[in-house]
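*Asks:* predicted model and sequence below, questions to follow.
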Amino acid sequence: MSCTKSGNGCTNGNGVDNNNEDDAVEISTETRYLDGTVRLRNPNIELMDQDILYHLALGSESHDLVEMFGDVKFVCMGGTPKRMFNFAEYIMKEIGHKLPTGTQLMDISQYSYRYSMYKVGPVLSISHGMGAPSIGILLHEVIKLMYHARCRDPVFFRIGTCGGIGLEGGTVIISDNAADGMMNKYYQVPVLGKLVKRPAKLDKKLVKELKALANPDDPYDTVTGTTMCADDFYEGQGRLDGAFCDYSEADKMEYLERLRSNGIRNIEMEATTFAALTHHAGIKAAIVCVALLDRMKGDQVCTPKEVLTEWQLRPQILVARYIKRYLQTKGRISLDGHGSMAVKSPRRFKLVQQESQTFE
Ligand SMILES: O=P(O)(O)O[C@@H]1C[C@H](O)[C@@H](CO)O1
Ligand SMILES: O=c1cc[nH]c(=O)[nH]1
């Protein structure tokens, strides 16, 4: 498998591509057609009569994916169906999107009984479940969906929860790097009996743009830092309160201190997979999580439900600011929030000017 100049390529298990650490996602001809539509790094797909996106309950022949999803610009994901339904309702208000009279938000993937998906104009809101395998399967299918639907330069967000490292519950963390529990900045997955490592890179420019949208009047802190991705909530995150625990509190604290001294500010369970697969697809992506607790102070999530519910809105507010700002800048919604979301069906081979994401 070949690598692009931008370092988008995968490795074969012998090493990891770590060059251009500070680059924004660079669009290569391997991952984009000339008009910005997504090109798959899999020659098999276009040779298939149909592609069944099994876990989304969609298919390239059974559904008109261009008609249904061709206008999607933002794909937002988070762990639970409820959070992503709430986000769909929230973003609908924020961008002033109106559903056709007599209709309501529908879970497009309800018959998959796996993930939930809501579409609000140019925004998709999808639940990804817990952990790398779950978000990995979803990303394969959503990236293929972007290809089939001919979406142009989509931007992906993970809107999540996490444990803070030396950060109070309620703090919002924008990930500028993702690392696994061994502090490797890649996602590794066994493929055909070999470990394939893919660099877990996030778009640094997008991180800065999101950070700039944190409002000094927000009654909570918004910080940037490296996010650790664990394969487990308990032992994998050094908790003392799982069904098993073969280490002491001192061992736990020593590990958390080591993470902290390496710039790790929070722990969750999807960051490396999300960063690596979006990067490999040449898709600009960001992770914004709220800390549910400070792991230096404890393990149990004991904050009252209503408070947790309010905290979970915080990453949504930041991402909504970005989306709204983008749509306003692109003139697709007016400042009073009442605008048309209509977008012409994209034409894959028409050369269009590269869109700039800079707002200033
Ligand atoms: O987006 P969510 O809140 O699901 O992210 C974190 C990581 C795990 O999926 C889960 C563990 O509670 O929360
Ligand atoms: O501590 C936490 C909290 C939320 N999600 C995690 O993965 N860990």
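*Replies:* On my side now, so go ahead. Ligands and ions are numbered 1, 2, ... in the order given.
*Asks:* return the helix or strand Val288 falls within as PDB; C-alpha atoms alone will do.
*Replies:* Remark: Val288 resides in strand 284-294, with elements defined by DSSP states H and E. Extracted as PDB, the C-alpha positions of strand 284-294 are listed here (Å, rounded to 0.1, in the frame of the first residue of the first chain):
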ATOM      1  CA  LYS A 284     -10.500  16.600   8.700                       C
ATOM      2  CA  ALA A 285     -11.500  15.600  12.200                       C
ATOM      3  CA  ALA A 286     -11.600  16.700  15.800                       C
ATOM      4  CA  ILE A 287     -12.400  15.300  19.200                       C
ATOM      5  CA  VAL A 288     -14.100  17.400  21.900                       C
ATOM      6  CA  CYS A 289     -14.900  15.700  25.200                       C
ATOM      7  CA  VAL A 290     -16.100  16.800  28.600                       C
ATOM      8  CA  ALA A 291     -14.400  15.400  31.700                       C
ATOM      9  CA  LEU A 292     -16.900  13.600  34.000                       C
ATOM     10  CA  LEU A 293     -14.400  13.600  36.900                       C
ATOM     11  CA  ASP A 294     -10.700  14.200  37.700                       C
END
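*Asks:* what's the spacing between the very next helix or strand once past it and its chain's center?
*Replies:* Sequence order places helix 305-329 as the next helix or strand after strand 284-294, per DSSP H and E. Helix 305-329 has its C-alpha centroid displaced from the chain centroid by 14 Å (C-alpha atoms, centre = their mean, to the nearest Å).
*Asks:* is the strand holding Val288 in proximity to ligand 1?
*Replies:* No. Residues of strand 284-294 are not located near ligand 1 by C-beta under 6 Å from any ligand atom, the shortest gap being 6.9 Å. In short, each C-beta sits where N, CA and C put it, glycine included.
*Asks:* between that strand and helix 305-329, how many degrees?
*Replies:* Relative orientation of strand 284-294 versus helix 305-329 (axes from the mean of the first three to the mean of the last three C-alpha atoms, to 10 degrees): 160 degrees.
*Asks:* helices or strands up against strand 284-294?
*Replies:* Counting contacts by 3 or more C-beta pairs under 8 Å, 6 or more residues apart in numbering; DSSP states H and E, strand 284-294 is packed against strand 155-164, strand 172-180, helix 204-212, strand 264-268, helix 271-280, helix 305-329.
*Asks:* and the fifth one, what does it pack against?
*Replies:* What that stands for is helix 271-280. Helices and strands touching helix 271-280, by 3+ C-beta pairs under 8 Å, 6+ apart, are helix 132-149, strand 155-164, strand 172-180, strand 186-191, strand 194-199, strand 222-229, strand 284-294.
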